[in-house]
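Chemist: 3D, please:
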Amino acid sequence: MVEILAPNGQKSKRWLAPIPVPEEVCAELKDYSPVFQQIIFNRGISTAETANVFLTDTAVEHDPLLMKGMAEAVEIIWQTIQVEKPMVIYGDYDVDGVTATALLVQVIKFLGGIAIEYIPNRFDEGYGLNSDAIQTLFNQNAHLIITVDCGIRSVKEAELAQELGIKLIISDHHHPREVVPSADAVICPRQVGDEYPYKELAGVGIAYKIARALFQRAGKDPVEAENWLDLVAIGTVADIAPLTGENRLLVKKGLANIQQHRSRHGIYSLSGAADINFSKITAGNIGFGLGPRLNAAGRMESARNSLDLLMSEDLEITGKLAQVLDDQNKARQIKTKANQEFAETQFSDIENLPILIAFGSKDEFHEGIVGLVAARLVESYYRPAVIGVIGEETSKASCRSIDEFHITEALDKCADLLVRHGGHSKAAGFTVLNENRDQLISRLYQIAEEQLKVEELTASIKYDAEVDLNELQMPLMNFLAQIEPTGNGNSKPVFVTKGLRAIGKSKMGGEKIHLRMTVVNEKGISIGAVAFKQGFWADEMPEKIDIIYNFELNEYNDKVSFQLNVKDIHPSEG
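Modeler: Coordinates of the predicted model:
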């Protein structure tokens, strides 16, 4: 592998070419151009039928009753509604958990039930079900607790609920351990014996499935549950769940709800604070605009503001809350940058480390944003990262990882040292006794060294097709619109074009860290381009370059034009 250094001294990303479309697939997809064929083949599509379903609105949802535990859970909820007993919707403090909580509370109230929301405080209670909360809810005469986006690993907490005589339904999308909690019903597509066809639903997606089944049990049209798909779209995208299969379908419908003014007041208020045109809202707007603001509340203080924003029907209240969340997000951005800079001072030789691990006091790391700091380190150095805050008796940490390293499986190998842990392949969290922290760090280093070759830890970009500038026309843009919504698992198509000249180069942005230029091919065809955080190329641009980019529409001062959003630049060979 040839190492390419950018002018700022960092290694350029590896560009990974797609597998060429086989002849038999080309024959199946003969109605599409070669570039179109390659793009949809890269997404696992090899027949005309599946291509049509993917590119049109003909996909259908799966029956929620296929989920293990769903029938039992719905019957318990329905009977609780009938006897007018209070039930608590217990969610997580991130966007997925907050949207799932808001959805299920509103649906149960709509069906005549008594539903109370409960979001644990990140700083006082930590993630997931906790025994103190269960005891408190018992004292408040809670008849039933329904978890959303948490609980699948809460074995001891489920035992406590059972001892107290509180009914418990667990709905979660995280990976379970070998022992599943002994709740009255457990809904998790990843549990053994579950036959639901799609395993990647977010927590809010599972809450939506419960809602559909509840409407059916109540003798109503399950389609009524689609009124809450705006929440499903926001929670699914913000949780970085794969936008494949059913997730993509639900997000697409949810975005349509928002665009067509069929959403709740809080989303419109927050869109205004984020300067997003909700009539043209995209998954990208959620991921980079709405999601961070909704998450900021739980990271900096309490998720209550986010929950209230999503549940309030008073425009004055949602307007004020949107501004609060926007302010909290700005404070979060400043704190994240400072914490990342401190973390980087803890590593003396990053290039030779297979995993980045740093712990600090509450003054050095803010507990609510350690996950973001870890994510920034992964983005900058392409290796797993663990950032933790040291408390009096325990330390709490958040982890982010790369494709080559399943962080939750690594933590499973350290379970004997941990108080609790859980997560996904690329994101996890844990609590460890301070007396075990050094041993945990050593073991994680050992696991990472066994699985990762440091010399191969270079970020890569997979591209969909190599094209000429003359192919970047409206037919391709219209086709790309059919690929939406894009995100994790269904990335925005990426293209490569080689042998270009860059003219009109200039740095842009308040800190002059971004690059603006026009690229020109040998035939004189040109197009404008921007390259975020790559302003360092402006003063040291090679005579000819290869670029990897997204093809986009740029709207500025009511003018629309084509634009390339450049992800990386390589000097042209030769």
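
Chemist: mind listing the helices for the stretch 251-400 of the chain?
Modeler: Along the stretch 251-400 of the chain, the segments classed as helices by DSSP state H, counting those that start in this stretch run 265-273, 283-285, 291-300, 304-311, 315-344, 370-381.

Chemist: okay if I get these as CSV plus mean pLDDT and mean neighbour count?
Modeler: C-beta coordinates here come from the backbone N, C-alpha and C atoms, glycine included. Listed next are the helices of the stretch 251-400 of the chain as CSV, based on pLDDT from 0 to 100; neighbours: other Cβ atoms under 10 Å:
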stretch, mean pLDDT, mean neighbour count
helix 265-273, 96, 22
helix 283-285, 96, 21
helix 291-300, 93, 25
helix 304-311, 96, 24
helix 315-344, 96, 17
helix 370-381, 94, 22
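
Chemist: just tell me which of those helices ends up closest to Ala102.
Modeler: Proximity to Ala102, assessed across the helices of the stretch 251-400 of the chain by Cβ to Cβ, is greatest for helix 304-311 (4.3 Å).

Chemist: hmm, who's touching that closest one?
Modeler: Residues from elsewhere that reach helix 304-311 (Cβ atoms under 8 Å, 6 or more residues apart in numbering): 95, 98-99, 101-102, 105-106, 117, 119, 231, 264, 266-267, 269-270, 294-295, 297-298, 317-318, 321-322, 324-325, 328.

Chemist: again with stretch 328-340
Modeler: Contacts for stretch 328-340 (Cβ under 8 Å, 6+ apart): 292-293, 296-297, 299-301, 305, 364-366, 368-370, 372-373, 376-377, 387.

Chemist: can you rerun that using 7 Å?
Modeler: Identification of contacts with stretch 328-340 by Cβ atoms under 7 Å, 6 or more residues apart in numbering yields 292-293, 296-297, 299-301, 365-366, 369, 372-373, 376-377.

Chemist: distance between that stretch and the chain's centre?
Modeler: Distance of stretch 328-340 from the chain centroid (Cα atoms, centre = their mean, to the nearest Å) equals 19 Å.

Chemist: stretch 284-299 now?
Modeler: Chain-centre distance of stretch 284-299: 10 Å, with Cα atoms, centre = their mean.

Chemist: please apply the same query to stretch 49-62.
Modeler: With Cα atoms, centre = their mean, you get 23 Å for stretch 49-62.

Chemist: list the buried residues in that stretch.
Modeler: Neighbour-count burial for stretch 49-62 flags Ala51, Phe54, Leu55, Glu61, His62 (criterion: 16 or more other Cβ atoms under 10 Å).

Chemist: start and end of that stretch, how far apart?
Modeler: Stretch 49-62 has its terminal residues 18 Å apart, counting by Cα to Cα, to the nearest Å.

Chemist: tell me the mean pLDDT over that stretch?
Modeler: Stretch 49-62 comes out with an average pLDDT of 91.

Chemist: what's it in contact with?
Modeler: By Cβ under 7 Å, 6+ apart, the list of residues contacting stretch 49-62 from outside reads Leu29, Ile40, Ile45, Tyr196, Pro197, Tyr198, Glu246, Leu249, Gln482.

Chemist: rerun that using 6 Å as the cut-off
Modeler: Stretch 49-62 is contacted from outside by Ile40, Ile45, Pro197, Leu249, Gln482, using Cβ atoms under 6 Å, 6 or more residues apart in numbering.

Chemist: only the buried subset of these, as a PyMOL command please.
Modeler: Under the burial definition 16+ other Cβ under 10 Å, those of the contacts of stretch 49-62 that qualify are selected in PyMOL by:
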select buried, resi 40+45+249
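
Chemist: after the one helix or strand Asp438 maps to, next one along is what?
Modeler: Asp438 belongs to helix 434-451 when assigned by DSSP states H and E. Downstream of helix 434-451, the first helix or strand assigned by DSSP H and E is strand 460-462.

Chemist: in that next one, what's buried?
Modeler: Buried residues in strand 460-462, counted by 16+ other Cβ under 10 Å: Ile461.

Chemist: repeat for stretch 80-88
Modeler: Neighbour counts over stretch 80-88 (16+ other Cβ under 10 Å) mark Thr80, Ile81, Met87, Val88 as buried.

Chemist: related to what we said a few turns ago, give me the contacts around the helix holding Asp438.
Modeler: Residues outside helix 434-451 that contact it (Cβ under 6 Å, 6+ apart): Pro354, Ile355, Ile357, Ser395, Phe405, Ala410, Cys414, Leu417, Val432.

Chemist: switch these over to a markdown table; also include neighbour count.
Modeler: Formatted as a markdown table, the contacts of helix 434-451 follow (neighbours: other Cβ atoms under 10 Å):
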| residue | neighbour count |
| --- | --- |
| Pro354 | 19 |
| Ile355 | 25 |
| Ile357 | 23 |
| Ser395 | 20 |
| Phe405 | 20 |
| Ala410 | 21 |
| Cys414 | 20 |
| Leu417 | 20 |
| Val432 | 24 |
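
Chemist: helix/strand/coil for the residue nearest to Asp539 when sequence neighbours are not counted?
Modeler: Nearest residue to Asp539, sequence neighbours excluded (Cβ to Cβ, 6 or more residues apart in numbering): Pro7, at 7.3 Å. The three-state label given to Pro7 by DSSP: H, G, I helix; E, B strand; the rest coil is coil.

Chemist: what's the closest non-adjacent residue to Asp194?
Modeler: Excluding the flanking residues, the one nearest Asp194 by Cβ to Cβ, 6+ apart is Lys68, at 4.1 Å.

Chemist: the one you found: neighbouring residues, count only.
Modeler: Using other Cβ atoms under 10 Å, Lys68 has 19 neighbouring residues.

Chemist: got phi/psi on it?
Modeler: phi -60, psi 130 (degrees, to the nearest 10).

Chemist: wait, isn't it in contact with Glu195?
Modeler: No: at 7.0 Å, Lys68 and Glu195 do not qualify as touching, with contact defined as Cβ atoms under 6 Å.

Chemist: so which residue is dead centre in this protein?
Modeler: With distances taken as Cα atoms, centre = their mean, the residue of the chain nearest its centroid is Ile240 (1.5 Å).

Chemist: could you measure from that one over to Asn247?
Modeler: 11 Å (Cβ to Cβ, to the nearest Å).

Chemist: one step back: the residue nearest to Asp539: how many residues sit nearby?
Modeler: 15.

Chemist: let the chain start at 567 from now.
Modeler: Happy to do that; since the first residue is 567 now, the last one works out to Pro573.

Chemist: how far away is it from Arg756?
Modeler: According to Cβ to Cβ, Pro573 and Arg756 sit 45 Å apart.

Chemist: now Val1020
Modeler: For Val1020 relative to Arg756 (Cβ to Cβ), the value is 32 Å.

Chemist: find the residue closest to Ile916 in space, skipping its chain neighbours.
Modeler: Leaving aside its chain neighbours, Ile916 sits nearest to Tyr947 (5.5 Å; criterion: Cβ to Cβ, 6+ apart).

Chemist: now do Lys846
Modeler: Once flanking residues are discounted, Lys846 sits nearest to Gln825: 6.8 Å by Cβ to Cβ, 6+ apart.

Chemist: partner strands of the lowest-mean-pLDDT helix or strand in the chain, with direction?
Modeler: Within the chain, no helix or strand scores below strand 984-989, which has a mean of 88 by mean pLDDT, DSSP states H and E. Sheet pairing for strand 984-989, assigned by DSSP bridges, gives strand 993-999 (antiparallel).

Chemist: and what about the residue nearest to the centre of the chain, helix, strand or coil?
Modeler: coil.

Chemist: contacting residues for the residue nearest to Glu933 when sequence neighbours are not counted?
Modeler: Closest residue to Glu933 apart from its sequence neighbours, by Cβ to Cβ, 6+ apart: Val955 at 4.6 Å. Val955 sits next to Lys928, Phe931, Glu933, Lys962 when contact means Cβ under 6 Å, 6+ apart.

Chemist: identify the bridge partners of Val955.
Modeler: Gly926, Lys962.

Chemist: the buried residues of stretch 615-628 in helices, which ones?
Modeler: Among the buried residues of stretch 615-628, the members found in helices (DSSP state H) are Ala617, Phe620, Leu621.

Chemist: distance to Glu1037 added to those residues, as JSON lines?
Modeler: Formatted as JSON lines, these follow (distance: Cβ to Cβ, whole Å):
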{"residue": "Ala617", "distance to Glu1037": "20"}
{"residue": "Phe620", "distance to Glu1037": "21"}
{"residue": "Leu621", "distance to Glu1037": "19"}
